[in-house]
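Engineer: Just the structure for this:
(2 chains)
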Amino acid sequence: MKRFHIAARDDANDTRLFDTLQDYIIEHYPNPNRVGCLDQELLRCLVETPEQLNLSDSKFLHVFKCAECTHQLRVLRRIRESGGQRGAGS
Amino acid sequence: MTSPSASDLCWVIGVTPKEIVPTVCAAVGMEIEKARETAKIHLGDEQLAWEMMELAIQRTADHLACLAAVNVEETRVILMRFYRNEVRRRRRASRKLIYHGSAMDIERLSSSCHHSYACVEAELDLEALLNGAPDELRHAMLLRYGSRSQWSEVAEVLSKSKEATRKLCERELKRIRKKLEI
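Structural biologist: Purely as a prediction, here's the structure:
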């Protein structure tokens, strides 16, 4: 019952679920040596122009198991939303 | 109750041939304290030493019967070899039958195993989960997670309705909710 109420608070886009998932991945999958990471340009494309990417490539699934890539995606989305020009690494 | 002497032990067993009795008795007398200590350390009961020593004496006597005359030192070595074998045998047997600890220990061990198992189970590995998944599902999850496209935008990319798109991902979403307890 508790879970139902919590789940019911999520919006139609399951925003809370994806926010929690992002926090989980950042906490549980640290990858300080950047093993298997996507390059910056690919991450930027994933955020800004995903339709240009071949998402069938299994390399993109890496983001579900990498705190660093997930963190960069978050930064890139902030930049997209603010229309800013800063690099994701900053 | 007094402990039987080396002579008592040899007499009870009826060591033969009679010529080896003094040598065996002397060897038993020299090793009996060590044997009691070994029984106490390895089996937790020094009283077992007499029983095991009786067996060792019997085997030593059988062994010596086939040999030429041996001195006390050699007899001690043979006797203790048979004795230690008996100790090992009993330790092995007791390991199979006895749990050293209380019921609470079992609970603690069991809960720790359960906890470790639960940790493994709790790991949410979407990379592995989606690796063999249909392309559409992977696209949808990547767009939603990476780009944070809304379901309606994902639906447009996949040429599906918003409901159908979310339905496509429903099983994975449920799995994530369950694992993350949200």
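Engineer: Is A:R77 within a helix or a strand, and which one?
Structural biologist: A:R77 belongs to helix A:67-82 when assigned by DSSP states H and E.
Engineer: What residues of that helix count as buried?
Structural biologist: Residues A:A67, A:E68, A:C69, A:T70, A:H71, A:Q72, A:L73, A:R74, A:V75, A:L76, A:R77, A:I79 are the ones in helix A:67-82 that count as buried (16 or more other CB atoms under 10 Å in any protein chain shown). Heads up, the C-betas are built off the backbone N, CA and C, glycines and all.
Engineer: cool, stretch B:33-43 as well?
Structural biologist: Using 16+ other CB under 10 Å as the test for burial, stretch B:33-43 gives B:A35, B:R36, B:T38, B:A39, B:L43.
Engineer: Which residue comes closest to B:R138 once chain neighbours are left out?
Structural biologist: Sequence neighbours aside, B:L130 is the residue nearest to B:R138 in space, at 5.1 Å (criterion: CB to CB, 6 or more residues apart in numbering or on different chains).
Engineer: go on, B:C169?
Structural biologist: B:C169 sits nearest to B:A140 (CB to CB, 6+ apart), 5.2 Å away.
Engineer: Tabulate the buried residues of helix A:67-82 (JSON lines), appending pLDDT and distance to chain B.
Structural biologist: Shown next, in JSON lines, are the buried residues of helix A:67-82 (pLDDT from 0 to 100; distance: CB to the nearest CB, whole Å):
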{"residue": "A:A67", "pLDDT": "93", "distance to chain B": "13"}
{"residue": "A:E68", "pLDDT": "95", "distance to chain B": "14"}
{"residue": "A:C69", "pLDDT": "96", "distance to chain B": "9"}
{"residue": "A:T70", "pLDDT": "95", "distance to chain B": "8"}
{"residue": "A:H71", "pLDDT": "94", "distance to chain B": "12"}
{"residue": "A:Q72", "pLDDT": "95", "distance to chain B": "10"}
{"residue": "A:L73", "pLDDT": "96", "distance to chain B": "6"}
{"residue": "A:R74", "pLDDT": "94", "distance to chain B": "9"}
{"residue": "A:V75", "pLDDT": "93", "distance to chain B": "13"}
{"residue": "A:L76", "pLDDT": "95", "distance to chain B": "9"}
{"residue": "A:R77", "pLDDT": "94", "distance to chain B": "6"}
{"residue": "A:I79", "pLDDT": "92", "distance to chain B": "13"}
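Engineer: burial of residue 46, as a residue count?
Structural biologist: I'll assume chain A. Using other CB atoms under 10 Å in any protein chain shown, A:L46 is surrounded by 25 other residues.
Engineer: meant chain B actually
Structural biologist: Look at B:E46: counted by other CB under 10 Å, it has 16 neighbours.
Engineer: Touching, it and B:E33? I think so.
Structural biologist: No. B:E46 is beyond contact range of B:E33, at 9.9 Å (criterion: CB atoms under 8 Å).
Engineer: the helices in chain B, which residues?
Structural biologist: All helices of chain B, identified by DSSP state H, fall at B:6-13, B:21-43, B:48-65, B:72-97, B:103-122, B:126-131, B:135-142, B:151-158, B:162-180.
Engineer: again with chain A
Structural biologist: A:2-8, A:15-28, A:40-48, A:67-82.
Engineer: looking at these, which is closest to B:N85?
Structural biologist: Closest approach to B:N85 among these is made by helix A:15-28 (52.9 Å; CB to CB).
Engineer: Okay, buried residues for the closest one please.
Structural biologist: A:R16, A:L17, A:F18, A:T20, A:L21, A:Q22, A:Y24, A:I25, A:I26.
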